[in-house]
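J.: how would this look folded up:
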Amino acid sequence: MAIPHDYTERVYAGVLGKLIGVYLGRPFEGWSYERITAELGEVQYYVHERFGVPLIVTDDDISGTFTFIRALEDDPPPPGAYSGAHPPAGPTAAQIGRTWLNYLVEERTILWWGGLGNSTEHTAYLRLKEGLPAPRSGAIATNGQVVAEQIGAQIFIDGWGMVAPGDPELAAELARRAASVSHDGVAIHGAQVVAALEAMAFVEHDMQRCLSAAVAQIPHDSLIYRMINEIRGWRAAEPDWRVTRQKIQQYYGYDKYGGNCHIIPNHALIIHALLHGDDDFGKTLMIVNTCGWDTDCNSGNVGCIMGIKNGLAGIEAGADFRGPVADRMYLPTADGTHAITDAVRVAYRIANLGRRLAGLPPDAPKGGVRFHFTPRGSVQGFRPEESDAPGAEMAVASGSGHSMGGGRSLALRCRKLTATRSARASTPAFIPSVAVNDYFNRRGYGLLASPTLYPGQTVRAMLVADPANAGDLAARLFVRAYGAADALEIVRGQEARLAPGERQMLTWQVGPQDGPIAEVGIECARVKGGPAGGTLHLDWLDWDGAPDVTLTRPKHDGEMWRYAWVNAVDRFEGRAPEPFRLIQNAGTGLLICGTRDWTDYRVEADVTPHMVAAAGLAARVQGMRRYYALRLAGAKGDGGRVIQLVKARDEERVLAEAAHPWRFGQAYRLELAVQGSNIRARVDGAALFDVTDSDRPIDGGAIALLVSEGRTATQSVRVAPLD
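T.: Alright, predicted model coming up:
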């Protein structure tokens, strides 16, 4: 597998194409061709404003695609393991199935939770949860043909094509394993074709040759193979895409196949659009969206394929699809780290997986900072904000130069500055308002997330003042945090003054806030006697360090503090006397806050068990099945009550245990300190365990309150740097 010279940028174009496609098709998902043409006409551009809905949404096509690929991160094969090896080494279907169990929050994230036998993915999840491993979890023999052959296999598959550039055989094999977690039969064949198309798109410009290489990966007597050959023939005989669409509806329409959203009709539209789109990004998306049926799914796959094949230039050749998106995306899972993210960060994660598989070192621009703006045109979620006083203006644009560690930076062009009017640009660090989240929840795809930035962490940014500025400009870092009534309140760092051409690093340790931090950015201000405008170039922005924060119900009446926790328990009571009253009816639930960037820190909390099998505190949480936990256990059974230090890494293992006659209704102070591979535990101030985990230690992650089969309560949780 030879990595193309522009591999990372093409992955970024594929991720961006996926986002554009999903956002374009989402508002009218499920509509027929007749309804779309009657009410919308040909879909040339975003239509969300006609429906009064957000453009940037939570969606299974996005979150599933860029979450399940994490099996390559969590169970990585050795570098270069896939080079020339067919079939390649892991991950196996069973390992990918474990990724589902770790990152899915049941009934809340990623999937359409439509019930057993109705939603294919929900059915597969329940099989996995019951202990039936993949591929049996998605097999026809387990779930029946209709359930197993729905569309989900191909909508989640793009990542597996992007990690195998130029190698359709590898892409198809990885797609087969990933798709078999939840699907079987023709659904797997469709997923293999999409992944192989994406792998070929890195190295082959001609769509017909890409398609020939893709169909070579599936059985020649399969329905997908036969259908694609027929569509290719229809296209050759008739250039009008509407004629081909009519034939697809006649011979492969929804009325021919069972279930809620069968793969065959929708896969047909993907192939149809790719063949009739004349190699044009906008036209290809127009065709697949105007044709109807599962528009966001089909449009997302098509956008990804076309993004990879034609690159950023292809996306930019027509309408401005990139500007409104601004790289923004949501990936809600049980690991809140990546819930608020952007196309650049996701693309570099995927590209580095591909590089690892090829035996190459990772690509980490500017030392691996979060915001580096390396791909052409990228803004990583940064957008202008309104100033405190109306009038000042800020424009944000990707630009070349003004960077020590890379070729590009973000230009912040401000004007109409006065002594009282500053201009700002920011990027999200947390979820939008309660109202927007209510919309996501009503759609069935909630935005569970943790803030990405916390008090106690240090923010750094490298700024360069444009040499053409007429004089000095002032700049400072700032955050917006949720306060009383969930209003956003601005907090500023120390002001710096930059002369024309000057480079300066801004550093700020964020102090305590009344609520979660929602945004982080740069403010530009006028200095006394200075010009009313100019340009600052943001080379990069990042933050690090352990948080220093107490998490509890604030004194004000805001609600956003509750949303800062990834809610993976059956009930997180909102009106209980305690800020954290948690109830779990069966199994183990977690209430999670923080990010995987947290490595060495200590966490402590009061835990009051009430009729519960186990209750406790967890550190380095990386999902539902990866963490260290200190828990009070033994409320059921004959073994007596104990306190345990456990490690969960898909399976659970007790690292240390001691007798402890804890009682219902009594509060206990639990504390964990994690440093490297060492885990220390205390209870009520007394040292309890000091353990070194030498077996694949969990190297970083969030904190969580843990509850198993019952109720527990906590007043506050303290997270702080190690002493």
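
J.: So which residues of the stretch 1-150 of the chain form helices?
T.: Applying DSSP state H, counting those that start in this stretch to the stretch 1-150 of the chain gives helices spanning 7-25, 33-39, 48-51, 60-68, 71-74, 93-103, 120-129, 140-143, 145-148.

J.: residues of the last one that come out buried?
T.: It stands for helix 145-148. Of the residues in helix 145-148, 146-148 count as buried by neighbour count, 16 or more other Cβ atoms under 10 Å. Every residue, glycine included, has its C-beta placed from N, CA and C.

J.: Packing partners of the lowest-mean-pLDDT helix or strand in the chain?
T.: Using mean pLDDT, DSSP states H and E, helix 434-443 stands out as the lowest-scoring helix or strand of the chain, at a mean of 76. Applying 3 or more Cβ pairs under 8 Å, 6 or more residues apart in numbering; DSSP states H and E, we find helix 434-443 packed against helix 560-563.

J.: what does the helix it packs on contact?
T.: 430-431, 433-434, 437, 449, 482, 486, 515-516, 518, 551, 553-554, 572, 574 (Cβ atoms under 8 Å, 6 or more residues apart in numbering).

J.: Please repeat the previous calculation with a cut-off of 7 Å.
T.: 431, 434, 437, 482, 486, 515-516, 553-554, 574 (Cβ atoms under 7 Å, 6 or more residues apart in numbering).

J.: Quick one: mean pLDDT for it?
T.: Mean per-residue pLDDT for helix 560-563: 93.

J.: coming back round to it: switch the buried residues of helix 145-148 over to CSV; also include pLDDT and distance to A568.
T.: What follows is the buried residues of helix 145-148, written out as CSV (pLDDT from 0 to 100; distance: Cβ to Cβ, whole Å):
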residue, pLDDT, distance to A568
V146, 96, 31
V147, 97, 26
A148, 98, 28
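
J.: and the gap between the spatially most distant residue from the centre of the chain and R680?
T.: Largest separation from the mean C-alpha position in the chain: G529, at 45.5 Å (Cα atoms, centre = their mean). Distance, G529 to R680, using Cβ to Cβ, to the nearest Å: 56 Å.

J.: Same check on V243?
T.: V243 is 71 Å from R680, by Cβ to Cβ.

J.: out of those two, which sits in the more crowded spot?
T.: Just comparing V243 and R680: by other Cβ atoms under 10 Å the higher neighbour count belongs to R680, 18 against 13.

J.: partners of that one in the sheet?
T.: For R680, the beta-bridge partners are A673, D690 (DSSP bridges).

J.: Let's see which of the contacts of helix 560-563 end up in helices.
T.: When DSSP state H is applied, those are split such that 434, 437 fall in helices.

J.: gap between H262 and L223?
T.: Using Cβ to Cβ, H262 is found at 11 Å from L223.

J.: A419 now?
T.: Per Cβ to Cβ, A419 is found 71 Å from L223.

J.: between the two, which one's more packed in?
T.: Neighbours per residue, other Cβ under 10 Å: of A419 and L223, the larger number sits with L223, 19 against 10.

J.: mind listing what that one touches?
T.: 186, 264.

J.: So what touches stretch 605-616?
T.: Contacts of stretch 605-616 (Cβ under 7 Å, 6+ apart): 617, 629-633, 635-636, 662, 664-670, 705-718.

J.: Can you read off the backbone torsions of G233?
T.: Backbone torsions of G233, given as degrees, to the nearest 10, read phi -70, psi -40.

J.: measure it to R476 for me?
T.: Distance check for G233 against R476: by Cβ to Cβ, it reads 63 Å.

J.: got it, and I224?
T.: Taken as Cβ to Cβ, the span from I224 to R476 is 57 Å.

J.: just checking, W540 touches G368?
T.: No: the criterion here is Cβ atoms under 7 Å, and W540 misses it with G368 at 10.0 Å.

J.: okay, these two: which has more neighbours?
T.: Comparing W540 with G368 by neighbour count (other Cβ under 10 Å), the higher total belongs to W540, at 25 against 12.

J.: Could you confirm that one falls within a helix?
T.: No: counting by DSSP: H, G, I helix; E, B strand; the rest coil, W540 is not part of a helix but strand.

J.: For it, list each beta-bridge partner.
T.: Bridge pairing for W540 - DSSP bridges - gives M462.

J.: ok now do it, which residues does it touch?
T.: W540 makes contact with 366, 369, 371-372, 405, 461-462 under the criterion Cβ under 7 Å, 6+ apart.

J.: With respect to E657, which of those is nearest?
T.: Lowest distance from E657 to the contacts of W540 (Cβ to Cβ) belongs to V369, with 41.9 Å.

J.: Need the pLDDT of the closest one.
T.: The model's pLDDT for V369 equals 96.

J.: Could you break this structure into its assigned domains?
T.: 9-47+57-337, 383-544, 565-720 (automatic domain parsing).

J.: out of the ones you listed, deepest packed?
T.: Ranked by mean neighbour count, those are led by domain 9-47+57-337 with a mean of 22 (mean count of other Cβ atoms under 10 Å).

J.: going on from the helix ranked longest in the chain, what's the next piece of helix or strand?
T.: Ranked by residue count, the top helix of the chain under DSSP H comes out as helix 295-315. Next helix or strand after helix 295-315 toward the C-terminus (DSSP states H and E): helix 322-325.

J.: Packing partners of the helix or strand that comes right after that next one?
T.: Downstream of helix 322-325, the first helix or strand assigned by DSSP H and E is strand 328-330. In terms of contacts (3 or more Cβ pairs under 7 Å, 6 or more residues apart in numbering; DSSP states H and E), strand 328-330 is packed against strand 340-342.

J.: So what touches the strand it packs on?
T.: 327-331, 380-381, 428-431, 449, 452.

J.: Where does pLDDT dip in the stretch 51-200 of the chain?
T.: Along the stretch 51-200 of the chain, segments meeting pLDDT under 70 span 79-89.

J.: Return the two entries of the contacts of W540 that lie farthest from one another.
T.: The two members of the contacts of W540 with the most space between them (Cβ to Cβ) are G405 and A461, at 13.1 Å.

J.: Could you double-check that S400 lies in contact with L410?
T.: No: counting by Cβ under 7 Å, S400 stays clear of L410, with 11.1 Å between them.

J.: tell me how far the top strand by length along the chain is from the chain's mean position?
T.: In the chain, assigned by DSSP state E, the strand with the most residues is strand 601-621. The chain centre lies 27 Å from the centre of strand 601-621; the measure is Cα atoms, centre = their mean, to the nearest Å.
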